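Trainee: Okay, predicted coordinates and the sequence, questions at the end:
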Amino acid sequence: MAEVARNYDESGEYWKPVTAERRNTASDVCQACGTDYPLGARFCYVCGAERTSSGRSRNFSRFLDIAVLRSALGLPTLSLVAFFAGIACMIAACLVGFIYSATTLIDWQAVQLWRVEWLLAGIAAFLLGNLLKNSSKV
């Protein structure tokens with residue numbers, strides 16, 4: 001039988017017992033049912049749960065994917081860009097008061113004018129996104 005399996009490599013065996021240098025970590029065990037994952041498996045073969053080796057970074061990177069954001073918000077790409085531009089303008093309007101301090105009445109009026117300009121830019125971006133969304137359905 002040894003001549004049949006000439007390329008037999010004992011280190012590549014699936015059923016070989018776990019050695020001291022290759023112990024199971026938390027990512028090698030299914031969080032749902034506690035079963036050990038086979039080498040290279042993305043899903044548990046018992047319950048079907050997805051393997052989460054780096055759960056936090058994987059979940060965060062999912063929100064940076066444009067296709068996921070488009071389907072989650074139900075917006076076309078241009079409307080999504082206008083939506084994020086509107087959110088950025090609203091955040092800038094809130095931060096103007098923290099960045100610039102007003103000591104006189106003229107300074108206070110200038111800060112308020114900047115806030116109004118950021119708010120108007122945000123409203124314009126939201127309206128543009130809404131118009132782009134409606135025109136894409138027609």
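Mentor: Ah, there it is.
Trainee: right, and Ala102 touches Leu113 too?
Mentor: No. In this structure, Ala102 is not within contact of Leu113 by C-beta atoms under 8 Å, at 11.3 Å. To be clear about C-beta, it is placed using only N, CA and C from the backbone, and glycine gets the same treatment.
Trainee: can you count the residues close to Leu113?
Mentor: By other C-beta atoms under 10 Å, the residues close to Leu113 number 11.
Trainee: ok, it - contacts?
Mentor: By C-beta atoms under 8 Å, 6 or more residues apart in numbering, the contact list for Leu113 is empty.
Trainee: Just the pLDDT at it, thanks.
Mentor: The model reports Leu113 with a pLDDT of 94.
Trainee: Equivalent analysis for Ile106, please.
Mentor: For Ile106, pLDDT reads 92.
Trainee: quick one: low-confidence ranges for this structure?
Mentor: Within the chain, the stretches with pLDDT under 70 are 1-27, 53-63, 135-138.
Trainee: could you pull out the helices for it?
Mentor: Counting by DSSP state H, the chain has helices at residues 55-62, 66-73, 77-99, 105-137.
Trainee: Can you list the helices and strands that the second one packs against?
Mentor: I take that to be helix 66-73. helix 77-99 (3 or more C-beta pairs under 8 Å, 6 or more residues apart in numbering; DSSP states H and E).
Trainee: The same query, at a cut-off of 6 Å, please.
Mentor: Packed against helix 66-73, as judged by 3 or more C-beta pairs under 6 Å, 6 or more residues apart in numbering; DSSP states H and E, are no other helices or strands.
Trainee: Thank you kindly, that will do.
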